[in-house]
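Participant: Kindly generate the corresponding structure for this input.
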Amino acid sequence: MAKTKIILAEDDEILSKVIAEELRESGFEVLQAFDGEQGLEMIKRERPNLVLLDLLMPKKGGFEVLAELKEKPETREIPIIVLTMLGSDEDVKKGLRMGANDYIVKSQHAVAEIVEKVKGFFGQESHPEGTTPL
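Facilitator: Below you'll find the model as predicted:
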C-alpha cells in the first residue's frame, strides 16, 4: 500500500524536522518546504494527500499559498491544515473561509497532538505497530 504523502510547509527548520520525524514514525511520507514559493511548487508537482501549511513564511505567505491552491482546479481538492502561530479569531475564520480543512495554532498544541490530528484526519486510530484494536 502506498504511503500517505504529506507536504509540510514550515519555515522553522527545527520545528519542521521534529514534526516531519514524528509523522514519518507514524507511517506517513513527508516532504518539507521551508518557504511559501517552494511549498507551492512542491504541492503542484507532488499532489500530496495533505498539506500542513504555516502562514508566516518567507517569499510567499501561507494565506497567499492557500488562495492559489484553492483557485486552481488541479489543486483545489488537496486538503490543507493550517499550522501557525496566528491564533486570532479573525485569522482562524479567514483560513477556514479560504478553504483550509482545519486550523491548528502551534503554541496551543504539542507535536504529538498535531500528529494525532493528522492521523485523525485520515481516520487512523492510534495503535502501536503490529497491534489491532479489540
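
Participant: Next, count neighbours for Gly123.
Facilitator: A count of nearby residues for Gly123, using other Cβ atoms under 10 Å, gives 6. C-beta coordinates here come from the backbone N, C-alpha and C atoms, glycine included.

Participant: Can you tell me who the residue most central in space within the chain pairs with across the strands?
Facilitator: What sits nearest the mean C-alpha location of the chain, by Cα atoms, centre = their mean, is Leu52, with 1.1 Å. With DSSP bridges as the criterion, Leu52 is bridged to Leu8, Ile81.

Participant: Adjust the sequence numbering to begin at 8 for everything that follows.
Facilitator: I'll keep to 8 as the first residue from here, and by that count the last item is Leu59.

Participant: Tell me who's in contact with it.
Facilitator: Going by Cβ atoms under 8 Å, 6 or more residues apart in numbering, Leu59 touches 13-17, 26, 88, 90, 121, 125.

Participant: check which helix or strand covers Ile21.
Facilitator: Using DSSP states H and E, Ile21 falls within helix 20-32.

Participant: Now distance to Phe35, pLDDT and neighbour count too, for the contacts of Leu59, in TSV please.
Facilitator: Shown next, in TSV, are those (distance: Cβ to Cβ, whole Å; pLDDT from 0 to 100; neighbours: other Cβ atoms under 10 Å):
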residue	distance to Phe35	pLDDT	neighbour count
Ile13	5	97	25
Ile14	11	97	26
Leu15	10	97	26
Ala16	15	97	28
Glu17	15	95	27
Ile26	10	95	23
Ile88	13	96	19
Leu90	14	94	27
Ile121	12	91	20
Val125	7	93	25
